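> could you work out the structure for the sequence below:
(2 chains)
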Protein chains: 2
Amino acid sequence: VGTPSVPTAERIREAAIDLFSRNGFHATGVSELAAAAELGVGALYYHIGSKEQLLWEVLRVHIDEAAAAAEAVLESDLAAVEKMRQLVHHHVRIIAAHAREVRIYVRDAEAVTGDRAEVLQAGRERVEDAWRSVFTEGVAQRVLVTDDHVVVNGVLGMLNMLYMWYRPDREDSPDAIADKLCNVILSGIEIA
Amino acid sequence: VGTPSVPTAERIREAAIDLFSRNGFHATGVSELAAAAELGVGALYYHIGSKEQLLWEVLRVHIDEAAAAAEAVLESDLAAVEKMRQLVHHHVRIIAAHAREVRIYVRDAEAVTGDRAEVLQAGRERVEDAWRSVFTEGVAQRVLVTDDHVVVNGVLGMLNMLYMWYRPDREDSPDAIADKLCNVILSGIEIA
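Numbering: from 1, shown residues only, chains lettered A, B, ... in the order given. Below is the predicted model of the structure:
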């Protein structure tokens, strides 16, 4: 048994994302995870520590990717409006590529507790801080009208909810969707 | 036992919303629901039929309320931009008042199956149809630039995600939040 070409850690991660996103964290058993990763239960535990730690790993990697992308945009030399466009495009691409992780996050992040929950919270705050900073730069440059946290949360919510309705086979590409939503955010939909 | 002033159906509904939103549908036992509603397990089953039917009832009432509010706006005599403002205000008020039901919906709606799932889907489509129709009226009246479903979904997602970050004790009122988000949707955030 085993798929030698795929490293064990990747097989475990893919099994966890598949099973957690389809059936939920609580309904997924360790023996089911082990079978999907082509491992024995003992070997799986050796690699993951616990089911909660595996959930945490899956979510942490996803949130870190989103935070790193947003921070790279914030730290670039672009003007604020162009940074905003880049933030939207990166975030839509990440949500479209990782809709399963977002589904797991929304449904079962509460199962992560203690220090691990604080790490996830810190990652989420890195994303929000980077976004808010770009809004604030835009206000300082007199090119954006607001950095109100209601608006920052609203814009992030608009993009995060893509995980519920985006269908790669039926929809525009992530970048086409990002363009449409970015136009709404920057210019609104009312004819002036 | 029993709280005579609160009808049984209401006690059951409140117990379900409280327990499902805090602990999830699957982790909530029927005996726990019965205790919270101040009923015996047999009496609870007599009233609800099954735990899945109770979940369905909770979600159906919530979605029907959102659909009825959106359809009332659509069928009013207002101009399209004013209808849009009304849609946003009604929807934000409903999400803010029923954040627990939205949490249950996002986490556990998949536990509703068969005909009942189709009823929920139909309710969700009523909401989306009413919104899309207002966008389309706006395009026909040459006051809105688009009725692209990506934009309709994006706007609804922006408002639905309020359930994750809205805190009644710390935030603006629902109407103040609706005003801020409505301004983004209609006018954007870029200084022209």
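> shaky segments in chain A?
Under the criterion pLDDT under 70, the flagged ranges of chain A are A:1-4.
> for it, just list every one of the strands.
Counting by DSSP state E, no segments of chain A form strands.
> how about the longest helix seen in it: buried residues?
If you go by DSSP state H, chain A has its longest helix at helix A:114-140. Residues of helix A:114-140 classed as buried by neighbour count (16 or more other C-beta atoms under 10 Å in any protein chain shown): A:116-117, A:119-120, A:123-124, A:126-128, A:130-135, A:137-139. (C-beta placed from N, C-alpha, C; glycine too.)
> what lies in contact with stretch A:18-37?
Here stretch A:18-37 makes contact (C-beta atoms under 8 Å, 6 or more residues apart in numbering or on different chains) with A:8, A:11-12, A:14-16, A:40-41, A:43-45, A:51, A:54-55, A:58, A:100-101, A:103-104, A:107-108, A:111, B:24, B:26-27.
> what sits closest to residue A:112 if chain neighbours are left out?
residue A:56 (5.0 Å; C-beta to C-beta, 6 or more residues apart in numbering or on different chains).
> what's the neighbour count on that neighbour?
Neighbourhood size, residue A:56 [other C-beta atoms under 10 Å in any protein chain shown]: 23.
> whichever of the contacts of stretch A:18-37 end up buried, select them in ChimeraX.
Selection command for ChimeraX covering only the buried members of those, criterion 16+ other C-beta under 10 Å:
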select /A:8,11,12,15,16,44,45,51,54,55,58,100,101,103,104,107,108,111 /B:24
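> just the ones in helices from the contacts of stretch A:18-37, please.
A:8, A:11-12, A:14-16, A:41, A:43-45, A:51, A:54-55, A:58, A:100-101, A:103-104, A:107-108.
> one step back: counting contacts, what elements does the longest helix of chain A pack onto?
Packing partners of helix A:114-140 (3 or more C-beta pairs under 8 Å, 6 or more residues apart in numbering or on different chains; DSSP states H and E): helix A:51-74, helix A:80-97, helix A:149-160.
> switch the ones you listed over to CSV; also include distance to residue B:78.
Output for these, formatted as CSV (distance: least, C-beta to C-beta, whole Å):
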stretch, distance to residue B:78
helix A:51-74, 39
helix A:80-97, 31
helix A:149-160, 23
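> nearest to residue B:158, of the ones you listed?
Closest to residue B:158 of the helices and strands packed on helix A:114-140 is helix A:149-160 (C-beta to C-beta; 3.7 Å).
> got the CA positions of the closest one in CSV?
Coordinates of the C-alpha atoms in helix A:149-160 are reproduced here as CSV (Å, rounded to 0.1, in the frame of the first residue of the first chain):
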residue,chain,number,x,y,z
HIS,A,149,-13.9,48.7,10.1
VAL,A,150,-17.5,48.0,9.2
VAL,A,151,-16.5,48.6,5.6
VAL,A,152,-13.3,46.6,5.9
ASN,A,153,-15.3,43.7,7.4
GLY,A,154,-18.0,44.0,4.8
VAL,A,155,-15.5,43.8,1.9
LEU,A,156,-13.7,40.8,3.4
GLY,A,157,-17.1,39.2,4.0
MET,A,158,-18.1,39.7,0.4
LEU,A,159,-15.0,37.9,-0.7
ASN,A,160,-14.9,35.2,1.9
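> that helix and chain B in contact?
Yes - using C-beta under 8 Å from any C-beta of the partner chain, helix A:149-160 reaches chain B at A:150-151, A:153-160.
> and of those residues, the nearest to chain B?
The shortest approach to chain B among the residues of helix A:149-160 next to chain B belongs to residue A:157, at 2.9 Å (C-beta to the nearest C-beta).
> quick one: contacts for that closest one?
Contacts of residue A:157 by C-beta under 8 Å, 6+ apart are B:157-162, B:164-165.
> out of the residues you listed, who's the most crowded?
residue B:158 (28 neighbours).
> ok, it - contacts?
By C-beta under 8 Å, 6+ apart, the neighbours of residue B:158 are A:154-155, A:157-158, A:161, B:181, B:185.
> re the thing from before, need the residues of helix A:149-160 next to chain B in CSV with distance to residue A:169, can you?
Compiled in CSV, those are given as follows (distance: C-beta to C-beta, whole Å):
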residue, distance to residue A:169
A:150, 34
A:151, 32
A:153, 30
A:154, 28
A:155, 27
A:156, 26
A:157, 25
A:158, 22
A:159, 20
A:160, 21
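> now the two most distant members of the contacts of residue B:158.
Going by C-beta to C-beta, the pair spanning those furthest: A:161 and B:185, at 14.3 Å.
> quick one on the thing from earlier: centre of the chain to the longest helix of chain A, how far?
Here helix A:114-140 is found 13 Å from its chain centre; the criterion is C-alpha atoms, centre = their mean, to the nearest Å.
> that helix relative to helix A:80-97, how many degrees between them?
Calculated by axes from the mean of the first three to the mean of the last three C-alpha atoms, to 10 degrees, helix A:114-140 forms an angle of 150 degrees with helix A:80-97.
> tell me the angle helix A:114-140 makes with helix A:99-108.
Here the directions of helix A:114-140 and helix A:99-108 differ by 110 degrees (the same axes, to 10 degrees).
> just the angle for helix A:114-140 relative to helix A:51-74, thanks.
Going by the same axes, to 10 degrees, helix A:114-140 makes 20 degrees with helix A:51-74.
> just checking, residue A:171 touches residue A:177?
Yes - counting by C-beta atoms under 8 Å, residue A:171 does reach residue A:177; the two are 6.6 Å apart.
> common neighbours of the two, please.
Joint contacts of residue A:171 and residue A:177 (C-beta under 8 Å, 6+ apart) are residue B:150.
> the two - which one has more neighbours?
Shown here are residue A:171 and residue A:177; by other C-beta under 10 Å, residue A:177 has more neighbours (25 against 16).
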